Each structure stands twice: as C-alpha cells, then as structure tokens.
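In: pasted the sequence and its predicted model underneath.
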Amino acid sequence: MRVHVADHPLITHKLTVLRDENTPSPTFRHLVSELMTLLAYEGTREVRVTPKEIQTPVTKTTGVRIAEPTPLIVPILRAGLGMLDGMTALLPTAEVGFLGMARNEETLEPYTYAERLPDDLHDRQCFVLDPMLATGGSLSAAIKYLFDRGAVDVTAICILGTPEGVARIEKDFGDHENLTVVLGAVDDGLDENGFIVPGLGDAGDRLYGTAE
Ligand SMILES: O=P(O)(O)OC[C@H]1O[C@H](OP(=O)(O)OP(=O)(O)O)[C@H](O)[C@@H]1O
Ligand SMILES: O=c1cc[nH]c(=O)[nH]1
Ligand SMILES: [Mg+2]
C-alpha cells in the first residue's frame, strides 16, 4: 500500500477556504471539484495505458491511450458525489459505479444503504472518491467491496485524512501492493464525536446545504 499526501500551496490554499465555516455551499462545491482535479492528477499517476500508434502531420509516432477495461470511478455517497465531476473531467471514458454509505454517528460504524457496481471487477482499476477519511471505517469497507469483487488495483482519493484513518487502512490492507491512498492533507486527529480536527465539519452537509 502506498500513501501520498499532496504538498502543494494551491491545495493548501483551497483547503483553507473549504475549512472556513463561513464558506457557503455553492463555493464549497466548487472548491471540492477544483481540489478533486488537482488530486486526480496525483491519483491517476498509475492509470493503466496501452501503446497507440498515430500519424502526426509530420511523422508516425507511438503514444498511449487509457487501457481496456476502462477504469471504474466509485464515489461514496453522499459526500463523494461532490468529487465525481472533477474526476470524470480528467477520465471522461471511465465508468462510474456507486456506493451509498453512512456512518452511524453513535457507533461510528459505517453501513451500506446502496450499491450499484458491476458484479465482476476482475481486471478493473478502481478509483474510490470520498472527501473524508476519519476513523477509516467507511473507506475500509468500500475498498474491501472492490477487492472482494476482483478489482486488481484500487486508488482512494480523499481531501482530508487523519493519522487514525490512515492507520486503519494500513492495518486492514497494509500488505496489499495494489492500493494507493491519495490525500490532500492529513489533519491532527479525531475529536470525541469522530470528527476530523481541525477538519471542515460534515462534508455531506456542507456540500448539500443540510448543515444546521
Ligand atoms: O472514516 P469514517 O469514520 O468512516 O468517516 C468518514 C465518512 O463519513 C462521511 O460520510 P457520512 O457518513 O457523513 O455520510 P454522508 O456522505 O451522506 O454525509 C464521509 O463522507 C465518509 O464517508
Ligand atoms: O469530520 C468528519 C468526519 C466524518 N465525516 C465528515 O463529513 N466529517
Ligand atoms: Mg455526512
């Protein structure tokens, strides 16, 4: 397993605006999408490609195209949906599958309330999108779904993580060679309610305007 934390002033700048409690939903959505595009650049570093011959106006040359089967992008609902457009902008031919998961806010255990994925993921390269890696329970369950169905390669892209969340994924999948976790930042930790500190609050609520 490989963990990559983005270290880029533009990401830190956009994250600062995202964290600000005064940032309204429309701006928040826009920033999540922009951050996703920046993180997707790192997250797709290992995207599988095959050689492709073309004729330029000058000569024949060999480039690459995205390999078949096409990658599968899996946003974890709700909050991961805010990252989908930014990802499909860079990988327009990818397929999209959905996992609906919510964390029980008392036990902090995730439960799956919706699943729309291809049955067979053998040979598929998968990209999981969820802005928040808090305890790691939700992401761990999502990654397990994909590997259990035969995915060969999983990259999880999160905007914010915690040391606890990264440790949980390492404990569950540490010896998995084909797992990459890309994070915009790793925050200090979790508070007593399982919220990321300093964090940005509940990402789903802030994206969709359901915060009190
Ligand atoms: O690492 P964990 O402790 O599992 O927490 C992270 C999860 O919590 C949030 O989803 P939430 O349950 O709030 O659902 P939502 O996207 O519908 O708001 C977030 O988007 C992650 O999926
Ligand atoms: O800080 C947190 C933790 C879990 N889910 C969120 O949306 N925010
Ligand atoms: Mg939420």
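Out: Nice, I can see it. Ligands and ions are numbered 1, 2, ... in the order given.
In: establish whether the longest helix that the chain contains and ligand 2 are in contact.
Out: Criterion DSSP state H: the longest helix present in the chain is helix 25-43. No. Helix 25-43 does not reach ligand 2 (CB under 6 Å from any ligand atom); its nearest approach is 11.6 Å. Placement of C-beta: from N, CA and C, glycine included.
In: summarise which helices and strands that helix is packed against.
Out: helix 9-19, helix 84-90, strand 153-161, strand 179-186, helix 203-208 (3 or more CB pairs under 8 Å, 6 or more residues apart in numbering; DSSP states H and E).
In: deepest-packed of these, please.
Out: strand 153-161 (a mean of 26; mean count of other CB atoms under 10 Å).
In: returning to that earlier point: do you know which of the helices and strands packed on helix 25-43 lies nearest E53?
Out: helix 84-90 (23.6 Å; CB to CB).
In: picking that back up, next structured bit after the longest helix of the chain?
Out: The C-terminal neighbour of helix 25-43 among helices and strands, as given by DSSP states H and E, is strand 49-55.
In: okay if I get the helices and strands packed on helix 25-43 as a markdown table plus distance to ligand 2?
Out: Converted to a markdown table, the helices and strands packed on helix 25-43 look like this (distance: least, CB to the nearest ligand atom, whole Å):
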| stretch | distance to ligand 2 |
| --- | --- |
| helix 9-19 | 11 |
| helix 84-90 | 16 |
| strand 153-161 | 7 |
| strand 179-186 | 13 |
| helix 203-208 | 4 |
